[in-house]
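Q: Attaching a predicted model along with its sequence, questions to come.
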Amino acid sequence: MGHARQQGMESETSGLHPQTIKADWLLRKEQYHEAAELYAACLKKEPGHTEALRKLGFCRLKLNQTQEARQAWDKLNQIRPGDHFAALYSGLAHAMDKNVQKAIDSWKSYFNIKQPLIQREINLILALHERGDRLDPAELVKSVEEAIAAQLASQR
């Protein structure tokens with residue numbers, strides 16, 4: 001139900017397997033390293049577990065392991081092409097790595113009308129890029145993270 005309501009990553013459940021239940025609990029407690037280990041273990045048993053891939057990437061991003069995060073989302077996109085979560089956060093990971101062009105490329109595939117505050121921010125970034133503005137990666141990270149936080153707050 002959390003996914004249907006578009007709540008934050010921390011509040012969504014990954015399934016009923018005890019390993020994913022514990023990983024979700026650790027994620028809610030912001031124990032990203034421990035949660036990532038459990039999601040990775042789950043994926044060894046079930047490589048196509050889409051929620052575990054999303055959350056593994058999210059944990060890696062929170063740990064500033066941006067390349068590992070993108071690898072999880074790349075696998076997710078192989079299973080579910082066009083996944084909006086993977087597009088949004090892959091772009092964020094690229095911006096964190098100061099690669100504006102790759103961030104833009106990721107965000108071009110982001111489209112989620114159920115997340116209007118995030119969608120508006122991404123659209124603004126894309127418009128500024130198309131206009132030829134020079135975009136600061138740190139500002140991109142800040143503005144997208146603020147839009148994500150505002151979107152989550154509006155859904156509570």
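A: Right, received. Where do you want to start?
Q: Quick check: can you list the domain ranges of the chain?
A: 1-81, 82-156 (automatic domain parsing).
Q: what about the residue nearest the centre of the chain, which SS state?
A: Nearest to the mean C-alpha position of the chain, counting by CA atoms, centre = their mean, stands Tyr89 at 3.4 Å. Secondary structure, DSSP: H, G, I helix; E, B strand; the rest coil: Tyr89 is helix.
Q: quick one: contacts of the strand or helix carrying Phe58?
A: Using DSSP states H and E, Phe58 sits in helix 50-62. When contacts are defined by CB atoms under 8 Å, 6 or more residues apart in numbering, helix 50-62 is touched by residues 3, 9, 12-15, 20, 23-24, 27, 30, 32-33, 35-36, 39-40, 42-43, 46, 66, 68-73, 75-76, 79-80, 83, 85-86, 89, 92-93, 96. For glycine as for every other residue, the C-beta is placed from the backbone atoms N, C-alpha and C.
Q: From these, keep the buried residues only.
A: The neighbour count (16 or more other CB atoms under 10 Å) marks 9, 12, 14, 20, 23-24, 27, 32, 35-36, 39-40, 42-43, 66, 68-70, 72-73, 75-76, 83, 85-86, 89, 92-93, 96 as buried among the contacts of helix 50-62.
Q: In helices, which of these appear?
A: Under the assignment DSSP state H, the buried ones among the contacts of helix 50-62 contribute 20, 23-24, 27, 32, 35-36, 39-40, 42-43, 66, 68-70, 72-73, 75-76, 85-86, 89, 92-93, 96 to helices.
Q: hey, C-alpha coordinates of the helix holding Phe58 in CSV?
A: Extracted C-alpha coordinates of helix 50-62, given in CSV (Å, rounded to 0.1, in the frame of the first residue of the first chain):
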residue,chain,number,x,y,z
THR,A,50,12.7,-5.0,-7.6
GLU,A,51,12.0,-3.5,-4.2
ALA,A,52,15.3,-4.9,-2.9
LEU,A,53,17.1,-3.4,-5.9
ARG,A,54,15.5,0.0,-5.3
LYS,A,55,16.3,0.0,-1.6
LEU,A,56,19.8,-1.4,-2.0
GLY,A,57,20.5,1.5,-4.4
PHE,A,58,19.0,3.9,-2.0
CYS,A,59,21.1,2.6,0.9
ARG,A,60,24.2,2.8,-1.2
LEU,A,61,23.4,6.4,-2.2
LYS,A,62,22.9,7.3,1.5
